[in-house]
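Engineer: based on what follows, work out the 3D shape:
(one chain, ligands or ions: 2)
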Amino acid sequence: MKPIISPSILSADFGYLARDIEMINRSEAEWVHIDIMDGVFVPNISFGFPVLKYVAKLTDKPLDVHLMIVNPEKFIPEVKALGAHTMNVHYEACTHLHRVIQQIKEAGMQPAVTINPATPVALLQDIIQDVYMVLIMSVNPGFGGQKFIEHSVEKVRELRALIERAGSKALIEVDGGVNLETGARLVEAGADVLVAGNAVFGAPDPEEMIRQLHKL
Ligand code: DX5
Ligand code: ZN
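Structural biologist: Ligands and ions are numbered 1, 2, ... in the order given. Sure, this is the predicted structure:
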């Protein structure tokens, strides 16, 4: 099955953000991936809600919002106000993950849980029935353009097996260092959604790169 492609606007040219979002609108990408950072959970700050309000206006594609922040539940109303489809919160940032997942659902969004490279897939056992999607980080979050961590392919395989054992319908998304080569192996291992930043916006023809990723 063709993977869902979620281009990350973190790698877009912020001087020409509208142009880059229009490219995503024209492309075969199904979603738009939005990385929100706080300089605390991750060592970087990206963009906040005043900017994202305009991003949301520029596209009708579902927004796949990835919060790399502490206490992400504080921002459920703001993420909802963007019209987000999916709200991804980090396992490592939520002491009461089950509660946060329920709050995201109550707000009318699809809840997703994200795990860092050092967090084992097995820890998702007791939450897998409650989430729409699991996002496996294949780099340490905070920056675009980093090198893919090889062990992530094995984690996708493990997660696929855990999902099947549990009879869950959760999607598997992978984020970080995804390109045509790593993407092909991730899809083969069971990934449903590929996030790509640098691979898309660093390509000579970003729209064509999305088409190629979609064919994997
Ligand atoms: C990293 C972000 C990613 C990032 C991926 O912290 O979560 O979404 O944009 O960028 P690439 O595809 O360049 O690794
Ligand atoms: Zn991301």
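
Engineer: who in the chain is up against ligand 1?
Structural biologist: Residues of the chain lying close to ligand 1 (C-beta under 6 Å from any ligand atom) are 8, 10-11, 33, 35, 66, 139, 141-146, 175-178, 195-199. Yep, even glycine has a C-beta here, placed from its N, CA and C like the rest.

Engineer: what about the strands in the protein?
Structural biologist: With DSSP state E as the criterion, the chain has strands at 4-7, 32-37, 63-68, 86-90, 110-115, 133-137, 171-175, 193-196.

Engineer: list the helices and strands the fourth one packs on?
Structural biologist: Translated: strand 86-90. Contact here means 3 or more C-beta pairs under 8 Å, 6 or more residues apart in numbering; DSSP states H and E; on that basis strand 86-90 packs against strand 63-68, helix 97-106, strand 110-115, strand 133-137.

Engineer: export those to CSV and append columns for mean pLDDT.
Structural biologist: Below are those laid out as CSV (pLDDT from 0 to 100):
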stretch, mean pLDDT
strand 63-68, 98
helix 97-106, 98
strand 110-115, 98
strand 133-137, 99
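
Engineer: distance check, the nearest residue to residue 71 once chain neighbours are set aside against ligand 1.
Structural biologist: Distances taken as C-beta to C-beta, 6 or more residues apart in numbering put residue 93 closest to residue 71, at 7.2 Å, once the chain neighbours are dropped. When distance is defined by C-beta to the nearest ligand atom, to the nearest Å, residue 93 is 13 Å away from ligand 1.

Engineer: ok, residue 117 next?
Structural biologist: The value you get for residue 117 to ligand 1, if C-beta to the nearest ligand atom is used, is 11 Å.

Engineer: contacting residues around that residue?
Structural biologist: Contacts were defined as C-beta atoms under 8 Å, 6 or more residues apart in numbering; by that measure residue 117 touches 137, 138, 139, 140, 149, 151, 152.

Engineer: sweet, I'm off.
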